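Colleague: Need a 3D model of the following:
(one chain, ligands or ions: 1)
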Amino acid sequence: MNLNERDIWYQLLEASRKTHLEALQLFCTFPDDLTELPVNPHRIDAAALFENETLVASHPLSAAFQTASPYAQWRETYKNTGIDINFLRQFGCFALIGDGGAFSCSHMRSFVVYMPAGLYYPRHHHPAEEAYLVLAGSAEFHCDGEPAKRLQAGDISHHKPNQAHATTTTDEAMIAYVVWKGDLKTAPVWTDAELLNS
Ligand code: FE
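Modeller: Here you go, the predicted structure:
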């Protein structure tokens with residue numbers, strides 16, 4: 001990391017610490033055993049969409065994620081899984097803490113998730129327990145066994161281990177701060193993989 005880049009990651013870390021309060025702190029305490037990780041930047045189409053997204057400016061944490069975007073290892077979790085190319089081009093996620101991020105700790109991962117307007121993120125599940133805090137914009141969250149809910153800035157969606165969940169944006173984008181605890185190693189999979197491939 002060069003100096004400027006290091007500053008950017010530390011500013012993002014501090015912005016996440018200031019946001020990681022109350023319900024999120026109860027879900028998973030903010031780590032006090034952080035170490036630096038080298039980041040191998042990896043860009044995908046969604047990075048440019050995120051960098052041009054005006055909604056990002058409405059929250060200091062989403063703005064800090066945007067500043068870090070050019071240095072980030074954007075994830076390709078769902079590449080070659082049968083999902084259509086339009087989803088792959090628009091869905092954006094990169095880590096701050098944990099694999100692919102700038103910091104590591106023993107008990108949690110954190111990410112930004114970006115969905116532009118009009119995107120459907122199909123049902124998926126993972127053994128990690130998850131909390132989404134909406135930072136900007138809005139989306140509808142569908143969690144198995146619960147009524148669908150429309151969330152906006154400040155709202156949290158909690159996903160139990162292996163509880164399938166899906167997210168839909170309509171008229172505006174959604175930017176979320178996402179925290180994982182529990183099984184941090186197992187990647188998400190599509191719950192209805194056979195439907196995607198048909
Ligand atoms: Fe999830």
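Colleague: Buried residues of the longest strand seen in the chain, list them for me.
Modeller: Taking DSSP state E as the criterion, the chain has its longest strand at strand 129-143. Buried positions in strand 129-143, judged by neighbour count with 16 or more other CB atoms under 10 Å: 129-139, 141-143. Bear in mind the C-beta positions are built from the backbone N, C-alpha and C, glycine included.
Colleague: How far away from the center of its chain is that strand?
Modeller: Strand 129-143 sits 9 Å away from the centroid of its parent chain (CA atoms, centre = their mean, to the nearest Å).
Colleague: how about it as PDB, C-alpha atoms only?
Modeller: Only the C-alpha atoms of strand 129-143 are listed here, as PDB (Å, rounded to 0.1, in the frame of the first residue of the first chain):
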ATOM      1  CA  GLU A 129     -25.000 -15.000  10.000                       C
ATOM      2  CA  GLU A 130     -25.500 -11.600   8.300                       C
ATOM      3  CA  ALA A 131     -26.700  -8.100   9.000                       C
ATOM      4  CA  TYR A 132     -27.300  -5.500   6.300                       C
ATOM      5  CA  LEU A 133     -27.400  -1.900   7.300                       C
ATOM      6  CA  VAL A 134     -28.800   0.200   4.500                       C
ATOM      7  CA  LEU A 135     -26.600   3.400   4.200                       C
ATOM      8  CA  ALA A 136     -28.400   5.000   1.200                       C
ATOM      9  CA  GLY A 137     -31.200   4.400  -1.100                       C
ATOM     10  CA  SER A 138     -33.800   1.700  -0.500                       C
ATOM     11  CA  ALA A 139     -34.600  -2.000  -1.400                       C
ATOM     12  CA  GLU A 140     -37.100  -4.700  -0.700                       C
ATOM     13  CA  PHE A 141     -35.700  -7.600   1.400                       C
ATOM     14  CA  HIS A 142     -37.300 -11.000   1.100                       C
ATOM     15  CA  CYS A 143     -36.100 -13.400   3.900                       C
END
